[in-house]
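Below are the sequence and a predicted model; questions follow.
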Amino acid sequence: MHTTLAQAAAPATVASSNLILLAGLGVFAILLALFNYGTRAGTIARATWKECLRQPVFSILTAVGVLVVIANMIVPFFAMDDETKMFIDCGLSTILICCLLLAVWTASIAVAEEIEGKTAMTLLSKPINRRQFILGKYFGILQGVLTLLVVLGLVMYVSTYLKFGYDHKEQAKGALEYYVMAEGSSIPKPEPQRLAAANAIIPGLTLILMEAALMAAVSVAISTRLPMLPNMITCFAIFVIGHLTPVLVAAGRFKLVFVQFFANLVATLLPALDNLNMSPAISTGKTIPVQYVALNAVYTVAYVAAAILVAFLLFEDRDLA
């Protein structure tokens, strides 16, 4: 009896968690809209967002991301019962890479090249100060990343819905309909098992947005002083080390005091990106608690605020002439 109740409650719990996450993302989108149209920095954010969408790199990353997700859905992984798991892991990783590339590339174009090309000096001659310039650029980049994430996320969601049903049939577990008809209703509803598999990626997409937001803030701060190529190299190094910090800290416990100190210093200063990498857990069917996502959201906001403050300091005395 207890097992039956737990199994019945689990889907409801997951569904409520996903609703909370979607509501949180909706509130975030509303706050971005209020920032866009309610502040002076919002004018720069809207212009940066449009510039991001017009860039060839946005179209290229969108096309590549969609093609890779669809190709992974069609081409078999030869993983026996783990086809859908492999597909989800590869799909979320593809979306993450595309979003990070867009964030770092746009930050280099929108901040570093405008400073080098003296365009920033023209903007700052208007009633916009340097802090509003940085804030506008950052939130414009973030909106571009969010747009890409929504497009690729929708493709991934639909693909997962279709992929799960196909793999379910291939594993001789029975065919799943594309939709079901509720008793006494003529309105079709999504097939529950397919829908559950597709809904499982929502926490992963939310954490990808947080990781892209972190790297965008770091890239904006670096762009105030360094041009595109050094910025991209530095961000790549931070990305790699940020995912290795747990390994460094664990290794430092058994080494010299200096190694332990250095590992803890790196773990403190650099973003803890490995905490946001939940693709393997999601692909293996583990549920990501909404509390975990909420705690990472608080961490992301705090770290982004710190990175933007560093950007303010670096840009405050930057010679634009």
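Okay, I see it.

any low-confidence regions in the stretch 151-300 of the chain?
169-172, 174-175, 183-185, 248-256, 259, 283 (pLDDT under 70).

Can you spell out which helices and strands pack onto the top helix by length along the chain?
In the chain, taking DSSP state H as the definition, the longest helix is helix 130-170. Applying 3 or more Cβ pairs under 8 Å, 6 or more residues apart in numbering; DSSP states H and E, one finds that helix 130-170 contacts helix 2-38, helix 40-54, helix 56-74, helix 83-107, helix 119-124, helix 192-199, helix 202-223, helix 290-316. Any C-beta I mention is one placed from the backbone N, CA and C, and that applies to glycine too.

In the stretch 1-150 of the chain, where is pLDDT below threshold?
Within the stretch 1-150 of the chain, the segments meeting pLDDT under 70 span 1-13, 78-81, 117-126.

let's see 50
Scanning the stretch 1-150 of the chain for pLDDT under 50 picks out 1-9.

ok so, going back, by how many degrees do the longest helix of the chain and helix 56-74 diverge?
When axes from the mean of the first three to the mean of the last three Cα atoms, to 10 degrees is applied, the directions of helix 130-170 and helix 56-74 differ by 20 degrees.

What is the distance between helix 130-170 and the centre of its chain?
Its chain's average C-alpha position is 7 Å from that of helix 130-170, according to Cα atoms, centre = their mean, to the nearest Å.

Name the next helix or strand downstream of that helix, please.
Downstream of helix 130-170, the first helix or strand assigned by DSSP states H and E is strand 179-181.

CA-only coordinates of whichever helix or strand Ala263 is part of in CSV, if you can.
Assignment of secondary structure by DSSP H and E places Ala263 within helix 257-269. Below are the C-alpha coordinates for helix 257-269, written out as CSV (Å, rounded to 0.1, in the frame of the first residue of the first chain):
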residue,chain,number,x,y,z
VAL,A,257,48.9,22.6,2.8
PHE,A,258,49.7,24.9,-0.1
VAL,A,259,47.8,22.7,-2.6
GLN,A,260,44.8,22.5,-0.3
PHE,A,261,44.9,26.3,0.2
PHE,A,262,45.2,26.9,-3.6
ALA,A,263,42.3,24.4,-4.3
ASN,A,264,40.0,26.1,-1.8
LEU,A,265,41.0,29.5,-3.2
VAL,A,266,40.1,28.5,-6.7
ALA,A,267,36.9,26.9,-5.6
THR,A,268,35.9,30.1,-3.8
LEU,A,269,36.8,32.6,-6.5
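
Which of the residues in it are classified as buried?
Under the neighbour-count criterion of 16 or more other Cβ atoms under 10 Å, helix 257-269 has Gln260, Ala263, Val266, Ala267 buried.

what would the residues you listed look like in TSV with distance to Arg225?
Formatted as TSV, the buried residues of helix 257-269 follow (distance: Cβ to Cβ, whole Å):
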residue	distance to Arg225
Gln260	31
Ala263	26
Val266	21
Ala267	24
